[in-house]
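> sharing a model prediction with you, sequence too.
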Amino acid sequence: MRVATANAYDSTIELLAKRQAELAAQQERLTTGKRVLKPSDDPVAATLAETAANRLSRIQADQRALESSRTSLQQAETALGESGNLLQRVRELMVAAGNGSFGPSEREDIARQLEGLREQLIGVANLRDNAGRTLFGGLGGAQVPFVDTYGPPAAGVVFGGQRGQAAAGDTSLPQALDGDAIWMRIPRGNGSFTLALDPANTGSIRTDVGQVSDPSLLTGADYEISFAEVAGQMQFTVFDQTNGVPVLSDVPYVSGQTVSFDGMSFRLDGNPADGDGAPISCRK
């Protein structure tokens, strides 16, 4: 079969155009550094690339969220450290106020300093992060979480935020802390049990807050310490009020001694009178 000259010419032109297109595509790949420039180049590779791009975008968003959370938590940690310094200063002023040589002017000056420290502490509790969020606002709520109120129906500082905080996931952390749990829920006693003094006491008995010496021995029962003078010797008895049994009986009292039983220990000081008592309440 004879091939016409025009047909051969058209085939050559078409082949040259195809080669030029391939050359241009290769040059574009070299310039961009990408093998797949559009989905039609390689549909499977394009799908995988899109999936990887979406995953990378999510990772970058998580990294930004983690960085923001870390910054907020660092600011909260700094705020808590500052509050500790303020409370230490309050303790020092309270000890200084017990100076018997102080007159009304010195005590008034201490009172004003305590008021200033109180206002600073409330300011620390209401701090905000760089994004304007309250550090201790919990799950949200009021713009100012802690409000200083006077008179009925509330007195003192109240928490106006929403209790709780966002749960931490695998790639995220809360950006605000539960201010109610941090600032308002003050544990009673040492957090495990509370020593109190009977208001009817006539002596000068006093105790420290106590401590848990062996958690495995705690019973959760309530106790009562009673003092009695027997033959000129002051003694005390510890009675388990929950189970109705004595724990320690007729123990000679010595000021400054440490009393231990059922995984608890505490110090007794002072001079109790006959019939004085000290209840011990344990957390259930």
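Perfect, thanks for sending it. Model, not experiment: these values are computed from the prediction.

> flag the shaky bits of the stretch 101-250 of the chain, pLDDT-wise.
141-142, 150-155, 164, 166-175 (pLDDT under 70).

> let's see that with 90 instead.
Residue ranges of the stretch 101-250 of the chain with pLDDT under 90: 101-104, 106-107, 115, 118-119, 125-200, 204-211, 213, 215, 218-220, 232.

> so where do the strands sit in it?
141-149, 156-161, 193-195, 206-207, 211-212, 223-230, 233-240, 245-252 (DSSP state E, counting those that start in this stretch).

> quick one, domains of the chain?
According to automatic domain parsing, the chain comprises the domains 61-184, 193-282.

> now do the first one: distance to the chain's middle.
To tie it back to what came earlier, the one meant is domain 61-184. 11 Å (C-alpha atoms, centre = their mean, to the nearest Å).

> endpoints of it, how far apart?
Using C-alpha to C-alpha, to the nearest Å, the end-to-end distance of domain 61-184 comes to 34 Å.

> tabulate the domains of the chain in a markdown table, adding columns for mean neighbour count.
Heads up, the C-betas are built off the backbone N, CA and C, glycines and all. Shown next, in a markdown table, are those (neighbours: other C-beta atoms under 10 Å):
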| stretch | mean neighbour count |
| --- | --- |
| domain 61-184 | 14 |
| domain 193-282 | 15 |
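
> want to throw those domains into a markdown table with distance to residue 45?
A markdown table is the format used below for the domains of the chain (distance: least, C-beta to C-beta, whole Å):
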| stretch | distance to residue 45 |
| --- | --- |
| domain 61-184 | 25 |
| domain 193-282 | 61 |
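
> re earlier: nearest to residue 102, of the strands of the stretch 101-250 of the chain?
strand 206-207 (22.6 Å; C-beta to C-beta).

> circling back to that earlier point, of all the strands of the stretch 101-250 of the chain, which one comes closest to residue 107?
Short answer: strand 156-161, nearest of the strands of the stretch 101-250 of the chain by C-beta to C-beta, at 21.8 Å.

> remind me, longest helix of this structure?
Scanning the chain for the helix with the most residues, using DSSP state H, yields helix 43-97.

> packing partners for it?
Packing partners of helix 43-97 (3 or more C-beta pairs under 8 Å, 6 or more residues apart in numbering; DSSP states H and E): helix 104-125.

> quick revisit: adding distance to residue 56, write the strands of the stretch 101-250 of the chain out as TSV.
Listed next are the strands of the stretch 101-250 of the chain as TSV, based on distance: least, C-beta to C-beta, whole Å:
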stretch	distance to residue 56
strand 141-149	36
strand 156-161	36
strand 193-195	54
strand 206-207	62
strand 211-212	51
strand 223-230	62
strand 233-240	64
strand 245-252	65
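
> for residue 44, which of these is the nearest?
strand 141-149 (50.7 Å).

> contacts for that closest one next, please.
119, 122, 125-126, 134, 136-138, 155-162, 179, 183 (C-beta atoms under 8 Å, 6 or more residues apart in numbering).

> repeat that for 10 Å
Strand 141-149 is contacted from outside by 118-119, 121-128, 132, 134-138, 154-163, 176, 179-180, 183-184, using C-beta atoms under 10 Å, 6 or more residues apart in numbering.

> over to the nearest residue to residue 226 once chain neighbours are set aside: give its phi and psi.
Leaving aside its sequence neighbours, residue 226 sits nearest to residue 277 (C-beta to C-beta, 6 or more residues apart in numbering; 4.8 Å). Backbone torsions of residue 277, given as degrees, to the nearest 10, read phi -150, psi 170.
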